[in-house]
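Novice: below is the structure, and that's it, no one-letter string:
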């Protein structure tokens, strides 16, 4: 298990990757004339990459057998994100698209933690947590306003 510092660094890196993914795939979708085709290519590359890491790790798929079907819905959400960001970002802007993604993530993460949804650890939505999330939301909003000049 990674330490808290390692976990934060890993997730920061993943966060950096989200707008980069959006920009790259949006550009590919425009170049190909099809955000859906660009999404398919992204998932083929992701599948091959994950497959290689899976084989190198010695992991097993046996735990998937008998898992509740709703747990597999995450794949649909990833596809929805990739297809929508690839389609929307070229005309709406990567920053604007990711801004709304971040606001959605803040809302969903707070609800998941507060109610312990999907087996998550319960972290109550206290006044200070709401204040912190609000400050984050305002900060993201201000970066978008500042970017307009």
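Specialist: Alright, I've got the coordinates. Everything numeric in this text was worked out from a predicted model, so none of it was measured. Numbers count the residues shown, from 1 in each chain.

Novice: for residue 90, which non-adjacent residue is closest in space?
Specialist: Leaving out its chain neighbours, the residue that sits closest to residue 90 by C-beta to C-beta, 6 or more residues apart in numbering is residue 26, at 4.8 Å. Where you see a C-beta, it was placed from the backbone N, CA and C, and this is true even at glycine.

Novice: go ahead and flag the most central residue of this protein.
Specialist: residue 18 (6.5 Å; C-alpha atoms, centre = their mean).

Novice: quick check: pLDDT value at that one.
Specialist: On pLDDT, residue 18 comes in at 93.

Novice: and residue 147, by the same measure?
Specialist: pLDDT for residue 147: 67.

Novice: list the helices and strands the helix or strand where residue 78 lies packs on?
Specialist: Using DSSP states H and E, residue 78 sits within helix 73-92. With contacts taken as 3 or more C-beta pairs under 8 Å, 6 or more residues apart in numbering; DSSP states H and E, helix 73-92 sits against helix 4-32, helix 35-57, helix 94-115.

Novice: related to what we said a few turns ago, neighbours around the residue nearest to residue 90, how many?
Specialist: For residue 26, the neighbour count with other C-beta atoms under 10 Å is 23.

Novice: where does the record place the domain boundaries for this protein?
Specialist: 1-92, 93-149 (automatic domain parsing).

Novice: hang on, the earlier thing: so how far is the helix holding residue 78 from its chain's centroid?
Specialist: Here the centre of mass of C-alpha atoms in helix 73-92, compared against the chain's by C-alpha atoms, centre = their mean, to the nearest Å, lies 10 Å away.

Novice: mind listing what's buried in it?
Specialist: Buried positions in helix 73-92, judged by neighbour count with 16 or more other C-beta atoms under 10 Å: 81, 82, 83, 85, 86, 87, 88, 89, 90.

Novice: could I get the residues you listed as a markdown table with pLDDT and distance to residue 54?
Specialist: A markdown table is the format used below for these (pLDDT from 0 to 100; distance: C-beta to C-beta, whole Å):
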| residue | pLDDT | distance to residue 54 |
| --- | --- | --- |
| 81 | 95 | 21 |
| 82 | 95 | 20 |
| 83 | 96 | 24 |
| 85 | 94 | 25 |
| 86 | 94 | 25 |
| 87 | 95 | 29 |
| 88 | 94 | 31 |
| 89 | 92 | 29 |
| 90 | 93 | 32 |
